[in-house]
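>>> Model the structure of this input:
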Amino acid sequence: MNIGLCIRIVGLLLMLFSLGTLPSMLLGWVQNDGTASVFGQAFAATAISGVVLYLLTQRVNSELQIRDGFLVTAAFWIVLGLYGSLPFLLSDAMSVSVFDAVFESVSGLTTTGATVLAGLDSLPPSILLYRQLLQWLGGIGIIVLAVAVLPMLGIGGVQLYRAESTGPAKDSRLTPRITSTAKALFSIYLGLTVACAAAYYAAGMTMFDAVCHAFSTIAIGGFSTHDASMGYFDSDIILLIACLFMLISAVNFGLHFIAVTKRNPQIYRFDSETKFFSWMVLIAACVTCATLVFMNILPVEKAITHGMFQTISIATTTGFASDNFSLWPSFLPTFLIMLSVMGACAGSTGGGMKAMRILLIFRQGRRELKQLLHPNAVIPLKLDHRRVRPEVVSAVWSFFAVYMFSAFILVLCMLATGLDFLSATSAVTAAINNLGPGLGSVSANYASVTDPGKVILCVAMLLGRLEIFTLLILFTPTFWRP
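Sure thing, here's the model as predicted:
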């Protein structure tokens, strides 16, 4: 393992990440709200740290190996999450502890959307913009990492997608060079952000709110500039626009790339993961809307709009809210939280286990039922008329087992901090699936969680964002052996 090379890459990442404070610093200077110096200090500290790390390892010349890739991947969010907390700590407009600041930063960069802050409407616009930018930067980092980097390391949801599904991810890269892949993905990501912001603005949002919510919508993050989230705008048009762009962002960005380059939207119709994800969301939305209507929780029109919006928001792990769904009666709150376990598609900005894994688990279960009736028959597991290799199925079940075991341990740890069972379970579920809102005492925000609890949830957010194995492998003795 080449530690020097890893340090140099982290230094480069810090230098690039420091640029993310400049828009907020400029806005703070224009608004004269006293935050320009805060972001200036954060920029200087982050940039200087990056330069120092880069210069100290400048003479290191070697290729990035698999172990180095794992370490850099984990460090990407851990180190940047720590430095991303600096503006929150330095600002006089906020009174937060170190744990709160790091929690907010990690939540933003992992596009989880869980927050410890209240009174967002009274915060300086520069701070609000910075929170949204954290999610937007984290979102493009996830896409590039998932589609262009993780397949080269043999990990991640897209590796599974590449191996067993039709579409753009048959090859580990969408273009011959990884830099070209990153540029192509960034272009699509930026184009969707601009289109989303324009749609929000045309629907009645201010330019500031439109840009900020476009950042978190395309990143599937869920941060808002208002405590009431999307419910603040009280507009069905805005909710429908959000639904559209959340669904688009929840689909594999590799598919978007091929659909754009080939000018062929039919690609989406023939992708098994996209079809499965769409059907699951449609069924869940029908269940939610029907329950709201038949139980007279909301008027019919509102029940359909809010039910569909809240289902899509939770299913894609965005975490926007148009209503306090935790107060909805019957099974709905638990049903929606459980829906986030599936999450979005591989290669998207969404969290969760990914729809492809759930699809393969479902088909494997159906295959086993058939095998019980016909024990001597050879019944291969197929996806898009292609046989799924046994090692892929084994990898899916291994991921599922480690995912469930990790969630179980994390829930026990949260219970040990004093949270009640509902709050602890929903908090871990929301964190490990990068969802954001939970139930019980964490339905509005996570301010009531103890400092140890916030550390545990940060670990859960990183586990979910890095697809479990990428982070856990760092804690194995074998990883550090020569």
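
>>> Low-confidence bits of this structure, can you list those?
For the chain, applying pLDDT under 70 flags the ranges 64, 142-179.

>>> can you give me the strands in it?
382-383, 386-387 (DSSP state E).

>>> Need the winner for burial among the ones you listed.
strand 382-383 (a mean of 15; mean count of other Cβ atoms under 10 Å). Glycine gets a C-beta too; all of them are placed from N, C-alpha and C.

>>> on that earlier part again, using a markdown table, please lay out the strands of the chain together with distance to residue 207.
Output for the strands of the chain, formatted as a markdown table (distance: least, Cβ to Cβ, whole Å):
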| stretch | distance to residue 207 |
| --- | --- |
| strand 382-383 | 44 |
| strand 386-387 | 48 |
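
>>> between those, which gets nearest to residue 363?
strand 382-383 (7.2 Å; Cβ to Cβ).

>>> The closest one pairs with which strands?
Paired with strand 382-383 in the same sheet, following DSSP bridges, are strand 386-387 (antiparallel).

>>> now the farthest one out in the chain, which residue is it?
Ranked by distance from the centre of the chain (Cα atoms, centre = their mean), the top residue is residue 376, with 43.5 Å.

>>> contacting residues for residue 442?
The neighbourhood of residue 442, defined by Cβ atoms under 8 Å, 6 or more residues apart in numbering, consists of 114, 419, 423, 426-427, 430, 448-449.

>>> go again using 10 Å as the cut-off
If you count contacts by Cβ atoms under 10 Å, 6 or more residues apart in numbering, residue 442 has them with 114, 326, 414, 419, 422-424, 426-427, 430-431, 436, 448-449, 453, 457.

>>> Check those residues and tell me the two furthest apart.
Longest span within the contacts of residue 442, Cβ to Cβ: 326 and 453, 18.4 Å.

>>> which of those two has more neighbours?
Neighbours per residue, other Cβ atoms under 10 Å: of residue 326 and residue 453, the larger number sits with residue 453, 24 against 20.

>>> How about that one: what's its closest non-neighbour residue?
Closest residue in space to residue 453, ignoring its immediate chain neighbours: residue 417 at 4.1 Å, by Cβ to Cβ, 6 or more residues apart in numbering.

>>> Was I right to think that neighbour contacts residue 454?
Yes - Residue 417 is within contact range of residue 454, at 9.2 Å (criterion: Cβ atoms under 10 Å).

>>> re the thing from before, please work out how many residues are found near the residue nearest to residue 453.
Counted with other Cβ under 10 Å, the neighbours of residue 417 add up to 17.

>>> Spatially, which residue comes closest to residue 363, not counting chain neighbours?
Leaving out its chain neighbours, the residue that sits closest to residue 363 by Cβ to Cβ, 6+ apart is residue 381, at 6.0 Å.

>>> before we move on, what about residue 108?
residue 134 (3.2 Å).

>>> cool, residue 248 as well?
According to Cβ to Cβ, 6+ apart, the nearest residue to residue 248 is residue 192 (6.5 Å).

>>> returning to that earlier point: could you measure from the residue nearest to residue 108 over to residue 477?
Distance, residue 134 to residue 477, using Cβ to Cβ, to the nearest Å: 34 Å.

>>> Identify each buried residue in the lengthiest helix in the chain, please.
Longest helix in the chain by number of residues (criterion: DSSP state H): helix 390-416. Going by neighbour count (16 or more other Cβ atoms under 10 Å), the buried part of helix 390-416 is 392-393, 395-396, 399-400, 403, 406-407, 410-411, 413-415.
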